[in-house]
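Chemist: could you work out the structure for the sequence below:
(one chain, ligands or ions: 3)
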Amino acid sequence: MGGIIIKTAEQIEGIRKSCRLAAETLDYAAQYVKPGISTGFIDKKIEEFIVSHGAIPATKGYNGYPKSSCISPNNVVCHGIPSENTILKDGDIINIDVTTILNGFYGDTSRMFSVGEISLQAENLVDATLHCLNLGIEQVKPGNYFGNIGFVINRYAMSKGYSVVYEFCGHGVGIDFHEEPQVDHAARRNTGELMKPGMIFTIEPMINEGKPRTNVDKHDGWTARTVDNKLSAQFEHTILVTPTGCEVLTDIHNEYPVN
Ligand code: MF3
Ligand code: CO
Ligand code: CO
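Modeler: Ligands and ions are numbered 1, 2, ... in the order given. Prediction:
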């Protein structure tokens with residue numbers, strides 16, 4: 001109803017800081033990703049880091065979600081609940097997804113991490129998923145259609161023999177956790193709303209080795225797994241539409257041009 005929020009300069013500055021902290025949290029978490037460590041332990045370190053920087057983990061208590069991050073191994077597509085009983089082992093691929101609230105502003109980002117040596121099959125999926133995110137980011141500029149993000153992501157994923165999860169999407173973010181619009185990762189060319197300067201949203205493609213569909217665990221109501229138990233990978237950035245292109249707000253390593 002309210003439509004897509006165009007953020008003010010002050011809001012953008014606040015969201016930029018929160019995004020930076022979310023990305024720094026992932027950098028910090030990296031040291032704990034190794035065989036024998038539980039995802040619950042990593043979540044504890046993530047919570048400590050976020051709180052010690054004066055922020056709040058957005059996921060904790062969000063619609064009853066119990067933890068400070070989502071950690072999704074192997075066949076878990078998203079919303080894996082960190083647990084002391086989930087022990088990382090050599091060859092796992094995991095997504096860690098962190099959303100911070102700093103001074104009321106949200107920053108949302110996730111990355112894949114490898115546990116020890118991973119298979120070539122897993123590595124190829126992870127590489128292709130990052131490429132999908134990058135292709136989506138290239139579409140972010142004023143006057144372009146949101147649908148073109150999903151168009152290029154789906155086209156590339158299909159060309160590699162993978163499938164795009166359509167049951168979970170990117171989203172507007174910044175003032176609230178999940179704002180309009182819904183950013184589809186599979187879409188038709190030149191469809192949806194037009195991007196405008198001051199819009200901030202995530203692109204967070206989940207790419208599956210096998211079928212695109214997911215099942216949510218009945219026991220916890222959150223953990224979304226591939227229906228065929230094949231691998232899934234995901235990367236997420238929060239992105240600002242600028243007057244001439246975009247700025248990847250969660251890119252703290254200057255991997256993307258600002259334009
Ligand atoms: N951070 C996730 C996203 O990218 C949302 C997690 S919601 C939770 O949108 F409740 F599962 F934590
Ligand atoms: Co998100
Ligand atoms: Co996220």
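Chemist: ligand 1 versus L21, what's the distance?
Modeler: 14 Å (CB to the nearest ligand atom, to the nearest Å). No exception for glycine: its C-beta is placed from N, CA and C like everyone else's.
Chemist: burial count for that residue?
Modeler: 23 (other CB atoms under 10 Å).
Chemist: H171 reaches I203, doesn't it?
Modeler: No. Applying CB atoms under 8 Å as the test, H171 and I203 come out as separate, 9.7 Å apart.
Chemist: in what helix or strand does the nearest residue to D184 once chain neighbours are set aside lie?
Modeler: Distances taken as CB to CB, 6 or more residues apart in numbering place G150 nearest to D184, at 4.2 Å, with adjacent residues excluded. Element membership of G150 [criterion: DSSP states H and E] is helix 147-159.
Chemist: what's next to that helix, contact-wise?
Modeler: Helix 147-159 is contacted by residues 128, 131-133, 135-136, 138-140, 163-164, 170, 183-192, 203, 205, 207 when judged by CB atoms under 8 Å, 6 or more residues apart in numbering.
Chemist: what do you get for stretch 40-52?
Modeler: Contacts for stretch 40-52 (CB under 8 Å, 6+ apart): 21, 24-25, 28-29, 32-33, 56-57, 60, 67-69, 71, 82-86, 96, 98, 100.
Chemist: repeat for stretch 108-117
Modeler: Contacts for stretch 108-117 (CB under 8 Å, 6+ apart): 19, 22-23, 26, 29-30, 33-35, 58, 70, 88-99, 122-123, 126, 129-130, 173, 177, 202, 204, 233-238, 250.
Chemist: weed out the non-buried ones from the residues you listed.
Modeler: By neighbour count, with 16 or more other CB atoms under 10 Å, the contacts of stretch 108-117 hold 19, 22-23, 26, 29, 33, 58, 70, 88, 92-99, 122, 126, 129-130, 173, 177, 202, 204, 233-238, 250 as buried.
Chemist: go back to the residues you listed and keep what's next to ligand 2.
Modeler: Among the buried ones among the contacts of stretch 108-117, the ones lying near ligand 2 by CB under 5 Å from the ion are T202.
Chemist: and the buried ones among the contacts of stretch 108-117, which of them are in strands?
Modeler: Using DSSP state E, the members of those that fall in strands are 70, 93-99, 202, 233-234, 237-238.
Chemist: now, the most widely separated pair of those residues?
Modeler: With CB to CB as the measure, no two of these lie farther apart than I93 and T238, at 22.3 Å.
Chemist: still on that earlier bit, just the ones in helices from the contacts of helix 147-159, please.
Modeler: Secondary structure assignment by DSSP state H places 128, 131-133, 135-136, 138 of the contacts of helix 147-159 in helices.
Chemist: give me the longest helix you can find in the protein.
Modeler: The chain, longest helix under DSSP H: helix 9-29.
Chemist: go through the ones in helices among the contacts of helix 147-159 and name the one nearest ligand 2.
Modeler: Closest to ligand 2 out of the ones in helices among the contacts of helix 147-159 is L133 (11.9 Å), distances taken as CB to the ion.
Chemist: test my guess that that closest one contacts E236.
Modeler: Yes. Between L133 and E236 there is a contact under CB under 8 Å: 7.4 Å.
Chemist: so H171 and I203 - more neighbours on which side?
Modeler: Legend: neighbour count by other CB under 10 Å for H171 and I203, higher for I203 (27 against 19).
Chemist: for that one, list the residues it contacts.
Modeler: 133, 136-137, 140, 149, 153, 170, 183, 185, 236-237, 239.
Chemist: which of these ranks first by neighbour count?
Modeler: I149 (30 neighbours).
Chemist: excluding its backbone neighbours, what's nearest that one?
Modeler: G136 (4.4 Å).
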